[in-house]
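Novice: Turn this into a structure:
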Amino acid sequence: MQSRRETDRKTAWCRSLLAAALMAILVAPGSGQAADRKKSQGKKSTARKSTAGKSSTRRRAAPTAALTGSAREIVDYTNSQIKQGWTDNEIKPSALASDAEWIRRVHLDLVGAIPSLETVEAFLKDRDTTKRTKLIDNLLDDPGYVRNFTTIWSNLLIGRQTPRRVSRGGMRKFLREAFARNRPWDKVVFDLVSAEGHFERNGAVNYLLAQMTMRDDGVQATAKTTRLFMGIQVQCTQCHNHPFNDWKQNQFWEFNNFFRQARRVDHRKYDPKSGRMVDDYSELVFTDFNEKVFFEQRAGTLQMVEPRFFKTRVDAKPSTDLRKELARLMVAGENPLIAKAMVNRMWGKFFGYGFTKPLDDMGPHNPSTHPELLDRLSREFVKSGYDIKQLIRWICNAESYHLTSRLGADNAVDNPAAGEAPLFSHMYVKGLEAEQLYDSLIVATGAHKAGGSGWEESERQRQTWLRQFVIAFGTDENDEATTFNGTIPQALMMMNGDLVDKATSAERGSFLNKMLSGAGTDATRVRRLFLSTLTREPTRRELAAAQQLLKENRNSPITAYQDLYWALLNSNEFIFNH
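Specialist: Numbers count the residues shown, from 1 in each chain. The predicted model follows:
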């Protein structure tokens with residue numbers, strides 16, 4: 001008699017074989033949406049072309065953006081600048097994305113997960129010509145927007161792996177309140193750079209606490225602050241002059257001066273259960289720093305530096321709070337670097353590439369692809385009061401954001417993955433972040449509800465699964481991610497991990513259970529599976545293949561549906577944002 005382990009192993013092997021055969025039909029090489037996109041980058045693809053994608057190859061009128069006044073003017077200017085780039089490079093843009101392709105994209109970008117089946121069906125039926133602009137506004141008011149951007153900036157500020165004695169909860173609370181209230185970005189930056197106090201009572205201090213895990217005299221804080229908020233990389237000038245731009249070694253240490261008054265204090269308490277002292281809380285405090293700052297030059301000589309913000313010298317009296325002075329200088333002016341850096345980062349977040357590559361290395365040595373547009377958007381961002389939602393509206397209503405990701409013969413050269421400058425004549429494919437992939441699996445399958453567990457148990461499962469995903473998919477570098485690198489651990493987690501296994505179960509509360517318990521034909525159910533995962537209808541060939549699979553497994557229809565669902569969730573089309 002076979003053991004349970006042997007049975008499970010054979011079952012999994014059979015599913016793999018069956019799903020692989022089905023995937024060969026679903027994602028026939030060279031015929032899918034992602035295939036067209038990935039082929040243009042010289043890579044193999046396994047994504048299947050949708051019926052909606054076919055119709056999008058015909059050039060259609062741009063969707064009507066329900067904008068007025070300055071917003072309309074800014075979007076029109078953005079469109080004209082991007083189109084001028086197409087003309088200058090003698091290319092033509094791809095067609096507009098279908099509603100099915102676009103709604104998936106905008107949900108992933110704004111709320112961090114694919115839309116629900118019901119949302120997709122309602123949007124596809126809507127005949128309002130301004131429905132895209134209205135959806136952008138609705139998503140910006142959705143709690144998912146706050147959660148998504150809180151997650152994005154938590155990862156940028158303190159990393160996915162929370163450093164010891166840093167409160168992720170405190171950091172998230174600060175960011176959650178900022179995005180929920182749409183606080184001006186300059187105020188947020190000022191608080192992050194100048195904050196003091198308890199790491200949960202004033203969550204902003206966790207940004208610098210995360211950069212102060214070692215006694216490095218503020219070196220990491222200097223490098224991270226200039227790169228993240230001002231879009232300039234000065235870390236290599238810690239030891240020598242920059243080889244490619246005008247940054248000198250002394251400038252790094254002039255910036256470093258501003259952080260010398262910051263000191264972290266780690267408090268401990270007695271734990272009566274263990275009889276030991278354990279971590280209690282950490283805080284960031286102001287401390288008098290009356291010493292002179294010296295750095296060693298390449299020749300071995302020591303040079304003294306004073307705090308200076310580019311050409312602005314700061315009178316460093318003992319009573320002067322240098323971090324507050326730095327924060328004040330960072331946000332001053334009509335077009336400060338924090339505005340350009342944020343505009344560039346947000347553009348890159350929505351398109352996969354910013355106006356510079358990398359996003360956080362701006363300057364004469366790395367010119368922008370569209371300098372006039374970057375400058376105009378930055379100035380308008382400042383004039384709007386650093387309104388993040390308004391910036392997002394401008395970007396998401398731009399015509400280039402509504403283009404399909406499929407390349408054509410007329411714009412094949414627009415391929416940043418091959419080292420070319422991005423021209424934004426089509427949408428660039430972006431790999432899903434760990435959180436996006438997890439939350440999309442939840443939306444598509446209701447996996448956290450399978451088994452009928454209560455709210456607390458469901459939430460516990462969610463946090464456990466997410467930690468596993470972050471370990472497998474996340475990195476602490478937080479670089480621009482435009483491709484899913486498909487490592488073996490990633491592939492195995494998607495194919496055989498507990499989350500996907502739970503997602504494709506037919507237990508009470510799961511999506512499959514609800515769908516199979518209700519009325520409907522096989523064709524209707526297959527259509528709902530495609531819409532819930534890939535946000536599109538199946539092609540006739542895909543529908544025929546799925547129905548044949550169900551026919552051949554009529555004695556075990558649940559297993560056949562599970563294998564079909566498994567194949568869809570493991571397709572390239574699901575794990576890419578396009």
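Novice: Please make it C-alpha for all contacts and neighbour counts, starting now.
Specialist: Noted.
Novice: and the next element down the chain from the helix or strand of the chain with the lowest mean pLDDT?
Specialist: Sorting the helices and strands of the chain by mean pLDDT, DSSP states H and E puts helix 51-56 at the bottom, at a mean of 38. Scanning forward in sequence from helix 51-56 by DSSP states H and E, the next helix or strand is helix 69-88.
Novice: helices or strands next to that following helix in the packing?
Specialist: helix 371-383, helix 388-397 (3 or more C-alpha pairs under 8 Å, 6 or more residues apart in numbering; DSSP states H and E).
Novice: Leu549: which of those helices is closest?
Specialist: helix 388-397 (40.4 Å; C-alpha to C-alpha).
Novice: between the closest one and helix 371-383, how big is the angle?
Specialist: Helix 388-397 runs at 150 degrees relative to helix 371-383, counting by axes from the mean of the first three to the mean of the last three C-alpha atoms, to 10 degrees.
Novice: Now do the buried residues in helix 388-397.
Specialist: Ile388, Lys389, Gln390, Leu391, Ile392, Arg393, Trp394, Ile395, Cys396, Asn397 (16 or more other C-alpha atoms under 10 Å).
Novice: Against which helices or strands is it packed?
Specialist: Using 3+ C-alpha pairs under 8 Å, 6+ apart, helix 388-397 sits against helix 69-88, helix 131-140, helix 337-351, helix 371-383.
Novice: Out of those, flag the one nearest Glu200.
Specialist: Short answer: helix 337-351, nearest of the helices and strands packed on helix 388-397 by C-alpha to C-alpha, at 25.8 Å.
Novice: tell me the mean pLDDT over stretch 158-168?
Specialist: Stretch 158-168 shows a mean pLDDT of 89 in the predicted model.
Novice: And stretch 533-540, by the same measure?
Specialist: 93.
Novice: Distance from it to the middle of the chain?
Specialist: Its chain's average C-alpha position is 24 Å from that of stretch 533-540, according to C-alpha atoms, centre = their mean, to the nearest Å.
Novice: Give me the neighbour count for Gly275.
Specialist: Gly275 has 8 neighbouring residues, counting by other C-alpha atoms under 10 Å.
Novice: Sorry, slip of the keys, the one I care about is Leu543.
Specialist: 19.
Novice: My guess is it contacts Arg525. True?
Specialist: No: assessed by C-alpha atoms under 8 Å, Leu543 is found out of contact with Arg525, at 10.3 Å.
Novice: quick one: which of the helices and strands packed on helix 69-88 is nearest Arg181?
Specialist: Nearest of the helices and strands packed on helix 69-88 (C-alpha to C-alpha): helix 388-397, 10.4 Å.
Novice: which residues sit against the closest one?
Specialist: By C-alpha atoms under 8 Å, 6 or more residues apart in numbering, the residues outside helix 388-397 that reach it are 65, 71, 74-75, 133, 136-137, 140, 182, 184-185, 343, 346-347, 350, 381, 384, 401-402.
Novice: low-confidence ranges in the chain?
Specialist: Along the chain, the model assigns pLDDT under 70 to residues 1-65, 235-249, 294-296, 299, 446-493.
Novice: Please repeat the previous calculation with a cut-off of 80.
Specialist: The model of the chain has pLDDT under 80 over residues 1-66, 68, 216-217, 234-250, 289-305, 316-318, 446-510.
Novice: quick one: contacts for Thr356?
Specialist: Residues near Thr356 by C-alpha under 8 Å, 6+ apart: Asn344, Met362, Asn366, Pro367, Ser368, Thr369.
Novice: any idea where the strands of the stretch 251-400 of the chain begin and end?
Specialist: For the stretch 251-400 of the chain, applying DSSP state E, counting those that start in this stretch gives strands covering 262-271, 276-286, 293-296, 302-305, 308-309, 312-313.
Novice: Run the chain-centre distance for the first one.
Specialist: So that's strand 262-271. Distance, centroid of strand 262-271 to centroid of chain: 33 Å (C-alpha atoms, centre = their mean).
Novice: Please apply the same query to the longest one.
Specialist: A distance of 32 Å separates the centroid of the chain from that of strand 276-286, by C-alpha atoms, centre = their mean.
Novice: got the buried residues for it?
Specialist: Result for strand 276-286 [16+ other C-alpha under 10 Å]: buried residues Tyr281, Ser282, Glu283, Leu284, Phe286.
Novice: For the third one, which non-adjacent residue is closest in space?
Specialist: Among residues not flanking Glu283 along the chain, His198 sits closest, at 4.4 Å (C-alpha to C-alpha, 6 or more residues apart in numbering).
Novice: where's that neighbour relative to Gly170, distance?
Specialist: 9 Å (C-alpha to C-alpha, to the nearest Å).
Novice: same question, Arg554
Specialist: For Arg554, the distance to Gly170 - C-alpha to C-alpha - is 53 Å.
Novice: So which of the two has more stuff around it?
Specialist: Gly170 (19 against 12).
Novice: Tell me if I'm right that the more buried one and Gly203 touch.
Specialist: Yes: with contacts defined as C-alpha under 8 Å, Gly170 counts as touching Gly203 at a distance of 4.2 Å.
Novice: Now do the shared contacts for the two.
Specialist: Common neighbours of Gly170 and Gly203 (C-alpha under 8 Å, 6+ apart) do not exist.
Novice: hang on, the earlier thing: same list (the buried residues of strand 276-286) but as a markdown table, adding distance to Gln562.
Specialist: Conversion of the buried residues of strand 276-286 to a markdown table gives the following (distance: C-alpha to C-alpha, whole Å):
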| residue | distance to Gln562 |
| --- | --- |
| Tyr281 | 47 |
| Ser282 | 48 |
| Glu283 | 50 |
| Leu284 | 52 |
| Phe286 | 59 |
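Novice: Out of those residues, name the two that are farthest from one another.
Specialist: Taking C-alpha to C-alpha, no two of the buried residues of strand 276-286 sit farther apart than Tyr281 and Phe286, at 16.8 Å.
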